[in-house]
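S.K.: Turn this into a structure:
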Amino acid sequence: MHQYNSVIDTPIEAHSKKPDIVRDKIVELYGKLPRIELFARQQVKGWDCLGNGIDGKDIRNSLSQMVTDFNVKSDIRKVA
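M.R.: Okay, here's the model as predicted:
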């Protein structure tokens with residue numbers, strides 16, 4: 001089993017921007033699973049990113065739309 005630090009010491013970046021190393025560590029820990037970043041300020045390849053800094057929408061509306069889209073895709077797969 002790997003041991004990982006729970007504290008990441010990186011230089012301060014833009015206001016409330018998550019350090020890129022955090023995403024890298026999540027991918028390292030969990031592998032090629034679907035990933036979502038809530039309250040995101042930028043789109044990141046390989047991640048579903050939600051936040052009003054991206055699309056100006058309230059995150060509750062974005063999550064609701066994501067669930068609806070997922071359910072529609074699931075229903076299409078059942079029919080196919």
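S.K.: Okay, strands next: where are they in the protein?
M.R.: Taking DSSP state E as the criterion, the chain contains strands spanning 36-38, 48-50.
S.K.: so which of these gets nearest Thr10?
M.R.: Thr10 lies closest to strand 36-38 among these, at 16.7 Å (Cβ to Cβ). The C-beta positions use only the backbone N, C-alpha and C, and glycine is treated the same way.
S.K.: ok, that closest one: who's next to it in the sheet?
M.R.: strand 48-50 (parallel) (DSSP bridges).
S.K.: Please tell me how far Asp48 sits from Leu29.
M.R.: Separation of Asp48 from Leu29 (Cβ to Cβ, to the nearest Å): 18 Å.
S.K.: And the two? Which one has more around it.
M.R.: Asp48 (14 against 10; other Cβ atoms under 10 Å).
S.K.: Show me the beta-bridge partners of that one.
M.R.: Residues in beta-bridge contact with Asp48 (DSSP bridges): Ile36.
S.K.: Contacts only, for it.
M.R.: 34-37, 66 (Cβ atoms under 8 Å, 6 or more residues apart in numbering).
S.K.: again, 7 Å this time
M.R.: Asp48 makes contact with 35-36, 66 under the criterion Cβ atoms under 7 Å, 6 or more residues apart in numbering.
S.K.: The protein: helices as residue ranges?
M.R.: According to DSSP state H, the chain carries its helices in the segments 20-30, 52-55, 59-79.
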